[in-house]
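*Asks:* Only the shape, not the letters, is given here:
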Ligand SMILES: [Zn+2]
């Protein structure tokens, strides 16, 4: 067990190494400091030019170090430990130190008193092109979603609509504390649609994984879409946009739902250019066909693949995921709403797989990760209680809030292929950090830091967001975003889409 400089001796460190007693004191859970009023100078609401202005002064664009001072720090790195109060130093976009007190006279200081400082949330599956169709289908099933969102709207998307959808989704993610997001992008009706999605992700400033997927058509036969170059256009994307994996937006392939004959060429196209893969499996009745057994017979299952939902997989398929080193993504809230099957949180744990979490669709799901964490936490506990009530003498263990927070951070980093760069506040990793206010009426007075995040907080607690050391949100406001232009962009894209899809927009 190693500790960041000085933290092992710090009375405020409450990692397991420093506190062998399982009974943690109240003080060890508290994160209170005397409030001091030192705030970074930031420019909020810059106007003109692109919707997002370039990085404003005061952030790391100037190359200046940032010192996050006096927060309750949850590094979520078990070797580093957590701190009732500590400082986090950021240099060159990376975390250079986490310790009880850091002196960095030239650094820009962000006061984190009465805040929890932790890694940003990491979403492993979201169809971001739907960012202009938020809440369009609150009462819909999976079949309704396919008919309305994919066949009616998706088939009529223009590249400008893709740009707007991705851009809204990315800014919404940042605003709610999600610093890394996999864009499960199946809207590539033409290569221009693809270029628009990649541009939007870049313009947003989010850390994103662009997962290149199929087209949408009015009849669902994506493989017959005339303008689509899926999956082979991924070779162009690798060359044109993703020549390095050491950049803020990286490349995956989003494999289609379908037969092995349709899936295998997509897998091959991804692996030809060294892109990892993400695929929906085990979704409702459609997911009960033993797809993973068939793909395994072709030796197609590898550790480069993330399996989404997994609700109706059979036991053999679960073991295949584990034994081939795959990762999984559970979108618990949408799975309960739309008929995918029971979110497989207990099944994953029983199989020995730590899941990541995802929002999936903003057409009926809120865009924040607090909802996702609480959904799987309550579902797992309910399942254990139900087994106990039914007389099970050897029920599974209850999940803890800390495990849930790990699913929302480091397990997401793993599934997005980025666990060496993000997911914990480990010195040397990129500075993807969120500051959560504890002086809000939904959590004050604070008694348990991890508990506050998982059980009580919401997007209104997200005060500050940094991605690769850049300040993206400060004092509760996105930085460098012209909100007036944003409103117009959204309204215009929505109205254009409804018109092209010949759908009357009745907002009540
Ligand atoms: Zn999905």
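*Replies:* All right, it came through fine. Predicted, not measured: the structure shown is a model, and the values here were computed from it.

*Asks:* contacts for the top helix by length along the chain?
*Replies:* The single longest helix within the chain, with elements called by DSSP state H, is helix 369-389. Here helix 369-389 makes contact (C-beta atoms under 8 Å, 6 or more residues apart in numbering) with 121, 123, 176-178, 330-333, 336, 342-343, 345-346, 349, 355, 357-359, 365, 395-399, 401, 404-405, 407-408, 453-455, 457-459. Yep, even glycine has a C-beta here, placed from its N, CA and C like the rest.

*Asks:* Quick check: which ranges of the stretch 1-150 of the chain have low pLDDT?
*Replies:* Judged by pLDDT under 70, the stretch 1-150 of the chain has its weakly predicted residues at 1-62.

*Asks:* How about the chain?
*Replies:* The chain contains residues with pLDDT under 70 at 1-62.

*Asks:* how close does the residue sitting furthest away from the middle of it get to residue 212?
*Replies:* Distance from the centre of the chain peaks at residue 391, with 37.6 Å (C-alpha atoms, centre = their mean). Residue 391 sits at a distance of 50 Å from residue 212 (criterion: C-beta to C-beta, to the nearest Å).

*Asks:* next one: residue 268
*Replies:* According to C-beta to C-beta, residue 268 stands 14 Å off from residue 212.

*Asks:* who's more crowded, these two?
*Replies:* A direct count of neighbours by other C-beta atoms under 10 Å for residue 268 and residue 212 places residue 212 higher, at 28 against 13.

*Asks:* Ramachandran coordinates for that one?
*Replies:* phi -80, psi 120 (degrees, to the nearest 10).

*Asks:* and what of residue 140?
*Replies:* phi -90, psi 150.

*Asks:* Run through the strands of the stretch 251-400 of the chain in chain order.
*Replies:* 276-281, 305-309, 327-330, 356-357 (DSSP state E, counting those that start in this stretch).

*Asks:* which of those sits most buried?
*Replies:* strand 356-357 (a mean of 31; mean count of other C-beta atoms under 10 Å).

*Asks:* got the contact list for that strand?
*Replies:* With C-beta under 8 Å, 6+ apart as the test, strand 356-357 has contacts from 122-124, 306, 327-332, 369, 372-373, 376, 407-408, 411-412, 414-416.

*Asks:* how about 6 Å then?
*Replies:* Here strand 356-357 makes contact (C-beta atoms under 6 Å, 6 or more residues apart in numbering) with 124, 329-330, 372, 407-408, 411-412, 415.

*Asks:* With stretch 460-476 instead?
*Replies:* Surrounding stretch 460-476, the residues in contact under the criterion C-beta under 6 Å, 6+ apart are 42, 55, 59-60, 90, 93, 174, 177, 179, 205, 207, 430-437, 440, 479.

*Asks:* Just the buried positions in it, please.
*Replies:* By neighbour count with 16 or more other C-beta atoms under 10 Å, stretch 460-476 contains the buried residues 461-474.

*Asks:* Relative to the whole chain's centre, how far out is it?
*Replies:* Taking C-alpha atoms, centre = their mean, to the nearest Å, one finds the center of stretch 460-476 at 15 Å from the center of the full chain.

*Asks:* Endpoints of that stretch, how far apart?
*Replies:* 8 Å (C-alpha to C-alpha, to the nearest Å).

*Asks:* what's the answer for stretch 272-291, then?
*Replies:* 22 Å.

*Asks:* Once you drop chain neighbours, what's closest to residue 230?
*Replies:* Distances taken as C-beta to C-beta, 6 or more residues apart in numbering place residue 214 nearest to residue 230, at 4.8 Å, with adjacent residues excluded.

*Asks:* So for the longest helix of the chain, what gets flagged as buried?
*Replies:* The neighbour-count check on helix 369-389 (16+ other C-beta under 10 Å) flags 369-377, 379-380, 383-384 as buried.

*Asks:* can you tell me which two in the contacts of strand 356-357 are farthest apart?
*Replies:* Spanning the widest gap among those are 372 and 415, at 13.5 Å by C-beta to C-beta.

*Asks:* where do the contact lists of those two overlap?
*Replies:* Between them, residue 372 and residue 415 share no contacting residue under C-beta under 6 Å, 6+ apart.

*Asks:* Run a quick check on residue 183 versus residue 128, I expect a contact.
*Replies:* Yes: in this structure, residue 183 is within contact of residue 128 by C-beta atoms under 6 Å, at 4.4 Å.

*Asks:* Quickly note the distance from residue 104 to residue 264.
*Replies:* When distance is defined by C-beta to C-beta, residue 104 is 53 Å away from residue 264.

*Asks:* my bad, residue 317
*Replies:* Residue 317 is 17 Å from residue 264, where distance means C-beta to C-beta.

*Asks:* what about the helices in the stretch 301-450 of the chain?
*Replies:* Listed in chain order, the helices of the stretch 301-450 of the chain (DSSP state H, counting those that start in this stretch) span 315-323, 332-338, 345-351, 369-389, 401-407, 410-415, 449-451.

*Asks:* before we move on, the earlier item: neighbour-wise, which of residue 317 and residue 264 wins?
*Replies:* Between residue 317 and residue 264, counted using other C-beta under 10 Å, the more crowded position is residue 317 (24 against 15).

*Asks:* so what's that one closest to, chain neighbours aside?
*Replies:* Ranked by C-beta to C-beta, 6+ apart and with sequence neighbours excluded, the top spatial neighbour of residue 317 is residue 292, at 4.0 Å.

*Asks:* Specify the beta-bridge partners of the residue nearest to the spatial centre of the chain.
*Replies:* Closest to where the C-alpha atoms of the chain average out (C-alpha atoms, centre = their mean) is residue 123, at 1.6 Å. For residue 123, the beta-bridge partners under DSSP bridges are residue 181.

*Asks:* mind checking how far it is from residue 153?
*Replies:* 22 Å.

*Asks:* and the nearest residue to residue 357 once chain neighbours are set aside, how far is that from residue 177?
*Replies:* Computed as C-beta to C-beta, 6+ apart, the closest residue to residue 357 that is not its neighbour in sequence is residue 372, at 4.5 Å. Distance from residue 372 to residue 177, counting by C-beta to C-beta: 12 Å.
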